[in-house]
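Trainee: generate coordinates for the sequence data below:
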Amino acid sequence: MKFRKIKAAKELEIVSLIDVVFLLIIFGLVMKVYEISAEDPGEELAKTLKIEIWRQSETDEQGTLRSWSAVRFLDTDGALISDTGLFPPDAGLERSSLSDGQFEQLDACKLIRRQLEDYMLTFEAEDVADPTHKIHLVVASDTRVRIVNFIANECIPYRDKVRWLRLENEVR
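Mentor: Numbers count the residues shown, from 1 in each chain. Sure, this is the predicted structure:
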């Protein structure tokens, strides 16, 4: 006698289907939020202050490699608008050797603060209701976080005047 297997009818698993639908909705929302935050305000009347931070290295007499960061400022057309500022070598930027107050008194930090103030003054007289001014910060991949945090904190008071702060990692 031959036995037949009775195949149970497979049911549609509604719980798994609901999980997939929710994942798709969440994915769509996340992508939409990213798309909105990644918008460029437009180039028509925008003024850009480009802050570049790059790394410099040299070997001293003992053969020790010393590295430090340098900062420079460019205008909308890419022209250099200030002197270059140099931070001390990396070991000198540690919080254990340089307090926040001492860090903010470095010549490079004073230069950053002065350039941001000058940039804000250039369009303060324009009385623009909807500013499209930008700050573009380009940093080398091994730039100290303390420097980037300082620049970001210095930009906070101008958040109503500058719509767009872009941080870009550039390897030199």
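Trainee: helix/strand/coil for residue 88?
Mentor: coil (DSSP: H, G, I helix; E, B strand; the rest coil).
Trainee: residue contacts, it?
Mentor: Contacts were defined as Cβ atoms under 8 Å, 6 or more residues apart in numbering; by that measure residue 88 touches 68, 98, 106. No exception for glycine: its C-beta is placed from N, CA and C like everyone else's.
Trainee: export those residues as TSV, with columns for distance to residue 28, pLDDT and neighbour count.
Mentor: Output for the contacts of residue 88, formatted as TSV (distance: Cβ to Cβ, whole Å; pLDDT from 0 to 100; neighbours: other Cβ atoms under 10 Å):
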residue	distance to residue 28	pLDDT	neighbour count
68	45	81	18
98	46	84	17
106	46	90	19
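Trainee: between those residues, which is nearest residue 59?
Mentor: Using Cβ to Cβ, residue 68 comes nearest to residue 59 of the contacts of residue 88, at 13.1 Å.
Trainee: from what I can see the closest one touches residue 84, true?
Mentor: No - if you go by Cβ atoms under 8 Å, residue 68 and residue 84 don't touch, sitting 11.7 Å apart.
Trainee: before we move on, the earlier item: so which of the contacts of residue 88 are in strands?
Mentor: In strands, defined here by DSSP state E, the members of the contacts of residue 88 are residue 68.
Trainee: which of the contacts of residue 88 lies closest to residue 75?
Mentor: residue 106 (23.6 Å).
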